[in-house]
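**Q** Model the structure of this input:
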Amino acid sequence: MRPVPVTPVVSPQPSPIPHVVIRVDDIGNKIGKSVTLVGRLGKPLATKLQLRGRWKVQEVSRVPNYMRSPVRFVVFEVDGKQLAESVEFGHDQIEAEFLKWPTSDHTAVPIRTNAMPSKPESLDGEEWTMTAYETGRFIAIPSESGETKVFPVVYALDFNTFRSRIVGVVTSIDGEPCDQPKSR
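**A** Below you'll find the model as predicted:
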């Protein structure tokens, strides 16, 4: 059986121009040329950034439903400039690594280590500096999602259709350069 070709349509919401529709097939031709997607940190997605932020753990009872995790990374500085208002990301929105260079001149391929501990609560109070970029994914629930036989509701508490993420390398913890995690 051959699959039937499907042409999905992405319609940014809310849009200042209500008739803006970009076909998924055209996204690669438009993004970066006639369309620029700006992330929550105020820079275009996939832009190399220097971030500073501090981890905090909130009481579970104080975490709004749309936030998945009480462990939050609060970004307060981007590219050396203090943000007017800090931006929070859940620990599940951070993909971070440590890089350890086998040679002092950095000519060899670095060894990558996951920077996220198995118990994210242990990050509480740590300040991280990262070389990173913001990216994301589109998460949508069809309006017919009540028909669980057809559309299983996976992201029932996710009220946002675009969920941003930070991907990068931790360069310092609490002001100390690092290529390995602190003992937690």
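
**Q** for His91, phi and psi?
**A** The phi/psi pair for His91 (degrees, to the nearest 10) reads phi -60, psi -30.

**Q** how far away is it from Trp101?
**A** 26 Å (CB to CB, to the nearest Å). Using the backbone N, CA and C atoms, a C-beta is placed for each residue, glycine as well.

**Q** same check, this time on Leu41
**A** Counting by CB to CB - Leu41 and Trp101 are separated by 27 Å.

**Q** who's more crowded, the two?
**A** A count of neighbours by other CB atoms under 10 Å puts Leu41 above the other of Leu41 and Trp101, at 21 against 13.

**Q** gap between the more buried one and Thr113?
**A** In terms of CB to CB, Leu41 sits 25 Å off from Thr113.

**Q** With Thr135 instead?
**A** 21 Å.

**Q** Also Pro120?
**A** Distance from Pro120 to Thr113, by CB to CB: 16 Å.

**Q** These two: which is more packed in?
**A** Neighbour totals were compared for Pro120 and Thr113, and Pro120 leads with 20 against 14 (other CB under 10 Å).

**Q** That one: what's it in contact with?
**A** Residues near Pro120 by CB atoms under 8 Å, 6 or more residues apart in numbering: 69, 71, 91.

**Q** want to throw these into TSV with pLDDT?
**A** What follows is the contacts of Pro120, written out as TSV (pLDDT from 0 to 100):
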residue	pLDDT
Ser69	72
Val71	89
His91	88
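
**Q** Of these, which is the nearest to Gly80?
**A** Of all those, Gly80 sits closest to His91, with 24.7 Å by CB to CB.

**Q** Could you report the neighbour count for that closest one?
**A** 19.

**Q** before we move on, what about Glu176?
**A** 9.

**Q** partner residues bridging it?
**A** Ile173 (DSSP bridges).

**Q** That one and Trp128, how far apart?
**A** Taken as CB to CB, the span from Glu176 to Trp128 is 11 Å.

**Q** separation between Ala96 and Pro117?
**A** Relative to Pro117, and taking CB to CB, Ala96 is found at 11 Å.
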